[in-house]
Each structure stands twice: as C-alpha cells, then as structure tokens.
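> only geometry, no sequence info:
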C-alpha cells in the first residue's frame, strides 16, 4: 500500500455541499450539480483553461512546470461541457 500524503482539510464549498446533502436526501439526484455549484470547480477550470489558452506561452517562458501542471489538471478533470459556452 502506498503511503498517504498529508491530510487535507475540505474546502468551504465541499463542506457546504455536504451540509446541503445532509439536510435533504432528495438532493442525491442532483448531487453532481450541487458539488459543481458549491465548490466552484467548473468556474475555476474554465478560468484556468482561458489563462492557458491566452497566456500559456508567456507563462511557459517563466515557469514551464506550472504550465505542464495546469495542462495536466485540465486533462485530468476534463469535462466535455467545459468550454462549450465560449
């Protein structure tokens, strides 16, 4: 078994989502939307995608590792609906 990294505290959005689910079990049907809304992850991914698209080359000259990590995160958490509104 691989060693675990340091324990990370849940974000405020994750705690809000958990609280909403505990209050109303009917929310289980819309759980993915609730998590997206409360954590703001979809918005953050869209902003990251936009930054990389518009300034990736500029950032890459100063910190190539940062751009690689950002692109890896976008690939890992890619969603077919991400960026379709553009």
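Thanks, I have the structure now. Being a predicted model, the structure only gives us computed values, none of them experimental.
> Please count neighbours and contacts with C-alpha atoms only from this point.
Noted.
> Report whether the expected contact of residue 38 with residue 13 is present.
Yes - counting by Cα atoms under 8 Å, residue 13 is a contact partner of residue 38 at 4.7 Å.
> where does this protein dip in pLDDT?
1-5, 27-29, 79-86 (pLDDT under 70).
> Domain-wise, how is it divided?
10-39, 42-86 (automatic domain parsing).
> spatially speaking, which residue is in the middle of the protein?
The centre of the chain sits closest to residue 41, judged by Cα atoms, centre = their mean, with a distance of 3.6 Å.
> Show me what stretch 37-50 is in contact with.
11, 12, 13, 14, 16, 17, 36, 70, 74, 82, 83 (Cα atoms under 8 Å, 6 or more residues apart in numbering).
> May I see these arranged in TSV, with neighbour count, distance to residue 58 and secondary structure as well?
Output for the contacts of stretch 37-50, formatted as TSV (neighbours: other Cα atoms under 10 Å; distance: Cα to Cα, whole Å; DSSP: H, G, I helix; E, B strand; the rest coil):
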residue	neighbour count	distance to residue 58	secondary structure
11	11	30	coil
12	11	32	helix
13	17	32	helix
14	18	33	helix
16	16	37	helix
17	21	37	helix
36	15	30	helix
70	18	14	helix
74	17	18	helix
82	15	23	coil
83	14	21	coil
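> any chance of those in CSV, plus distance to residue 63?
Below are the contacts of stretch 37-50 laid out as CSV (distance: Cα to Cα, whole Å):
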residue, distance to residue 63
11, 27
12, 29
13, 29
14, 30
16, 34
17, 34
36, 29
70, 11
74, 17
82, 25
83, 25
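> Could you check how far residue 76 is from residue 20?
Relative to residue 20, residue 76 is positioned 27 Å away (Cα to Cα, to the nearest Å).
> One more: residue 75?
29 Å.
> who's more crowded, these two?
Just comparing residue 75 and residue 20: by other Cα atoms under 10 Å the higher neighbour count belongs to residue 20, 17 against 10.
> For that one, which three-state class applies?
Secondary structure, DSSP: H, G, I helix; E, B strand; the rest coil: residue 20 is helix.
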